[in-house]
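**Student:** attaching a predicted model along with its sequence, questions to come.
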Amino acid sequence: MFAVQYLSHQCDYSDRKPSLNELIDILLKIVLLLVKLIMSNLAKDDWSAEDRVQRMVRRYPLSYHDLFWVTLQRLVGSKQKDVIADFGCGPGLLLVDLVKKYHAKYVYGFDESEAMLKQAARFLSETISDEQFTLQRINFDESQVMLESDAIDLAFAGHMFHEIADPGNLASQVFTALKQGGQFAILDYISGNPDGFIRKMVGSGMDEKHARARYPHMCKHSVDDLTEFLSNAGFSNIVFEKIDEASRAVVVGIKR
Ligand SMILES: C[S@@+](CC[C@H](N)C(=O)[O-])C[C@H]1O[C@@H](n2cnc3c(N)ncnc32)[C@H](O)[C@@H]1O
């Protein structure tokens, strides 16, 4: 329906019948439009089911291993961060660790999956008091993040930038929410080393065929792309390090 409406704006045949060539042209345009629509959604996964939550909990130590923490602390430093926000927080285990490592007094977790947020609430309440955290259900593709300006010391987004439609827009919202001197750390899969990505995913339980099929979608951004999202949003002093055979990278920018 959308395709037909779109094309009727593109071609005006109101005073005559379209020729065979014009009909073929319209058909090709519809097919192209449908392919584009399908492709644009392939990186997006469904995180609403309880078994996806538990799988993410089980995989957490494989994703957030010692080398990740060494890398994050090298890029972000190890000074205390009073207020931390995790965009696409999933089951909340990273927030729990960030609270412990950075002695945060208050944390925010944002995610579109209600099941993920329920699990995050359970993990966070075992670590800090209920007055010290806010978890909010939000779809970054549809709504603006409800945060005051200059409120956050450290923002994080893990394995999430490849899933959202407009990463540049989210980076700008994070920039506004950060305090002067605040940092935004993005962890994501990156393009450039399909074999390294496949080994990493097989190592964390995905079958090889599935990993190969997921590579173009999960690794759709390069380090340069991630750096550009940050610099276009206003971040400075952008630094990065690749980890896990260059299948993932941590990219950090500062709000000056
Ligand atoms: C691959 S999981 C990563 C979870 C966690 N950050 C981690 O690294 O373990 C991606 C998370 O981002 C959330 N997410 C994906 N697209 C989103 C969107 N458009 N708006 C809000 N959350 C989204 C999902 O619900 C899911 O919890």
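**Tutor:** Received it, and whenever you're ready, just let me know what you need.
**Student:** pull up the residues of the chain that are close to the ligand.
**Tutor:** 47, 56, 63, 88-90, 111-113, 116, 138-141, 158-160, 163-164 (C-beta under 6 Å from any ligand atom). Placement of C-beta: from N, CA and C, glycine included.
**Student:** go again using 8 Å as the cut-off
**Tutor:** Contacts of the chain with the ligand, taken as C-beta under 8 Å from any ligand atom, map to 44-45, 47-48, 56, 59-60, 63-64, 86-91, 93-94, 110-113, 116, 138-142, 156-160, 163-165, 187.
**Student:** for the stretch 101-250 of the chain, what spans make up the strands?
**Tutor:** Listed in chain order, the strands of the stretch 101-250 of the chain (DSSP state E, counting those that start in this stretch) span 106-111, 133-137, 152-158, 178-189, 236-243, 248-254.
**Student:** tell me the buried residues within the residues of the chain next to the ligand.
**Tutor:** 47, 56, 59-60, 63-64, 86-91, 93-94, 110-113, 116, 138, 140, 156-160, 163-164, 187 (16 or more other C-beta atoms under 10 Å).
**Student:** among the residues of the chain next to the ligand, which are in helices?
**Tutor:** Within the residues of the chain next to the ligand, residues falling in helices by DSSP state H are 56, 59-60, 63, 93-94, 116.
**Student:** now the two most distant members of these.
**Tutor:** Farthest pair in these (C-beta to C-beta) is 63 and 116. Separation: 14.5 Å.
**Student:** could I get the ones in helices among the residues of the chain next to the ligand in a markdown table, plus columns for pLDDT?
**Tutor:** Formatted as a markdown table, these follow (pLDDT from 0 to 100):
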| residue | pLDDT |
| --- | --- |
| 56 | 95 |
| 59 | 94 |
| 60 | 97 |
| 63 | 96 |
| 93 | 98 |
| 94 | 98 |
| 116 | 98 |
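**Student:** of those residues, which is the nearest to the ligand?
**Tutor:** Nearest to the ligand among these: residue 116, at 4.4 Å, using C-beta to the nearest ligand atom.
**Student:** which residues touch the nearest residue to that closest one once chain neighbours are set aside?
**Tutor:** Leaving aside its chain neighbours, residue 116 sits nearest to residue 90 (5.0 Å; criterion: C-beta to C-beta, 6 or more residues apart in numbering). By C-beta atoms under 8 Å, 6 or more residues apart in numbering, residue 90 lies in contact with 47, 53, 56, 111, 113, 116, 120, 158.
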